[in-house]
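# Mind looking at a prediction? Sequence and model below.
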Amino acid sequence: MDINAVFEGGGVKGISLAGAVKAAELQGITFKRVAGTSSGSIVASVLAAGYTADEMKHIIKNMPFERLLVRAPFFDTAFVGPALRVLLKKGLYSGEALEQWVRSLLLAKGIVTFSDIPAGKLYIVASDITNGKLLVLPDDLRNYGINPATFPVAKAVRMSCSIPYFFDPVILRLIGEPARGKAFNEQFVYIVDGGLLSNFPLWLFDRKRKGTGLSKPPPVVGFQMVGKHAEEPHKITGPFSMLSAMFDTMLSAHDERYIEKENRNRTIKIPTLGIGTTHFDLSEAESEALYQSGLMAGTQFFKEWIPQ
């Protein structure tokens, strides 16, 4: 059976999504179209590239996330360095290591740009903070004069994962008609994490399937990570821990009313065991526990699910 799947963002907790994907595979479910925000965009992109849940688990469990948190020695000096980097670069870390990692994963499956993936199979959500609007990639790249087909998928994932002040924003320059009449400094837009505006875009495929002429479009299933703050409150010890707490709270609150009102019956809710979005020193035991949590939540969901 085919489904369209939407994956919520949640930082390092994304391995729990791989467990839920495994549960879907065990039920003989295949993914027709996929979409995601932040870490959910990583899961969506590797699924679109042809990775299985077992391959995803191996990749994520063997990726030392600390490797993604690299910066020049100049910015690594205690106290002053990180603050100076945020002031000058607008982020604690560049995000280039994350993009490089995703690029290598996709390249192993022959994927570089969106033209290497069937049209309409993959959608990635990001936030344009220059113009204050949500972006659905690759389609919305046309508004910037950029050809969606030639845009690197890994770059789109990095845009969706650029947690404000944690990773640098991705800067796009307007091309052609969108740049006409604008001063040079007005031709640049800043793109950050999609979770800023829609961390769980369950609405996306509802919009896409209207007017398609399909009599029975694939049902939409959401993969959501929950229980982030039920037991452990954030500890605010300084400006950076406050930023982390603010972003974590924002991710958990967005889209929730939409989900609670009418979409609970098509949403897999995966307990994340109190592990935070930016808990990059994830232990092997924590990683396995998250995966098993996703597997159990997915198994229970598909056991009871009645497609609509």
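Everything's here; your move.
# Residues contacting stretch 131-145, please?
Contacts of stretch 131-145 with the rest of the structure, by Cβ atoms under 8 Å, 6 or more residues apart in numbering, involve 114, 123-128, 147-149, 151, 156, 159-160, 172, 174-179, 189, 191, 194, 197-198, 201, 204. Heads up, the C-betas are built off the backbone N, CA and C, glycines and all.
# and the end-to-end length of it?
In terms of Cα to Cα, to the nearest Å, the two terminal residues of stretch 131-145 are separated by 15 Å.
# where do the strands sit along the stretch 201-308 of the chain?
Assigned strands in the stretch 201-308 of the chain, in chain order: 220-226, 267-271 (criterion: DSSP state E, counting those that start in this stretch).
# just the angle between the longest one and strand 267-271, please?
Strand 220-226 and strand 267-271 are oriented at 20 degrees to each other (axes from the mean of the first three to the mean of the last three Cα atoms, to 10 degrees).
# for strand 220-226, what is the average pLDDT?
Strand 220-226 shows an average pLDDT of 91 in the prediction.
# winner for burial among the strands of the stretch 201-308 of the chain?
The highest mean neighbour count among those, using mean count of other Cβ atoms under 10 Å, belongs to strand 220-226: a mean of 26.
# could you point out where the protein is predicted with low confidence?
Low-confidence segments of the chain (pLDDT under 70): 64-66, 68-89, 92, 207-215, 228-263, 276-280.
# returning to that earlier point: may I see the strands of the stretch 201-308 of the chain organised as a markdown table, with distance to residue 48 added?
Converted to a markdown table, the strands of the stretch 201-308 of the chain look like this (distance: least, Cβ to Cβ, whole Å):
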| stretch | distance to residue 48 |
| --- | --- |
| strand 220-226 | 14 |
| strand 267-271 | 19 |
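# wait, which of these is closest to residue 305?
Proximity to residue 305, assessed across the strands of the stretch 201-308 of the chain by Cβ to Cβ, is greatest for strand 220-226 (7.8 Å).
# Run the angle between the single longest helix found in the chain and strand 267-271 for me.
As assigned by DSSP state H, the longest helix anywhere in the chain is helix 284-304. For helix 284-304 and strand 267-271, the angle between their directions (the same axes, to 10 degrees) works out to 150 degrees.
# Could you name the helices and strands sitting against helix 284-304?
Under the contact criterion of 3 or more Cβ pairs under 8 Å, 6 or more residues apart in numbering; DSSP states H and E, the helices and strands touching helix 284-304 comprise helix 15-26, helix 53-61, strand 267-271.
# Centre of the chain to it, how far?
Between the mean C-alpha location of helix 284-304 and the chain-wide mean there is a distance of 19 Å, by Cα atoms, centre = their mean, to the nearest Å.
# likewise stretch 177-193?
Here stretch 177-193 shows a centroid-to-chain-centroid distance of 24 Å under the convention Cα atoms, centre = their mean.
# which residues are in contact with that stretch?
9, 37-38, 90, 126-131, 135, 143-145, 159-164, 167, 169-174, 247.
# which SSE is the residue of the chain most remote from its centre in?
Distance from the C-alpha centroid of the chain peaks at residue 181, with 34.0 Å (Cα atoms, centre = their mean). In this structure, residue 181 is located outside every helix and strand according to DSSP states H and E.
# Use 130 as the first number for this chain going forward.
That works, and once the first residue is 130, the last one we named lands at residue 310.
# Please state the backbone phi and psi of it?
Backbone geometry at residue 310, expressed as degrees, to the nearest 10, gives phi 80, psi 0.
# still on that earlier bit, can you list which of the contacts of stretch 306-322 are found in strands?
Among those, the residues falling in strands (DSSP state E) are 166, 255, 256, 257, 264, 296, 299, 300, 301, 302.
# out of those residues, which are buried?
Taking 16 or more other Cβ atoms under 10 Å as the criterion, what is buried in the ones in strands among the contacts of stretch 306-322 is 166, 255, 256, 257, 264, 296, 299, 301.
# ok, residue 282 - contacts?
Residue 282 sits in contact with 174, 178, 231, 235, 240, 241, 242, 243, 245, 246, 251, 253, where contact means Cβ under 8 Å, 6+ apart.
# Now for the last one, how many residues are close by?
Same thing as residue 253. Burial of residue 253, expressed as a neighbour count using other Cβ atoms under 10 Å, amounts to 30.
# wait, is it part of a strand?
Yes - per DSSP: H, G, I helix; E, B strand; the rest coil, residue 253 lies within a strand segment.
# That one contacts residue 163, doesn't it?
No - with contact defined as Cβ atoms under 8 Å, residue 253 does not reach residue 163; the gap is 9.5 Å.
# Give me the common contacts of the two.
What both residue 253 and residue 163 touch, as defined by Cβ under 8 Å, 6+ apart, is the set residue 173.
# The residue nearest to residue 252 when sequence neighbours are not counted sits in which helix or strand?
Nearest-residue entry for residue 252: residue 164, 4.0 Å, with adjacent residues in sequence omitted and distances by Cβ to Cβ, 6 or more residues apart in numbering. For residue 164, the host element (DSSP H and E) is strand 159-166.
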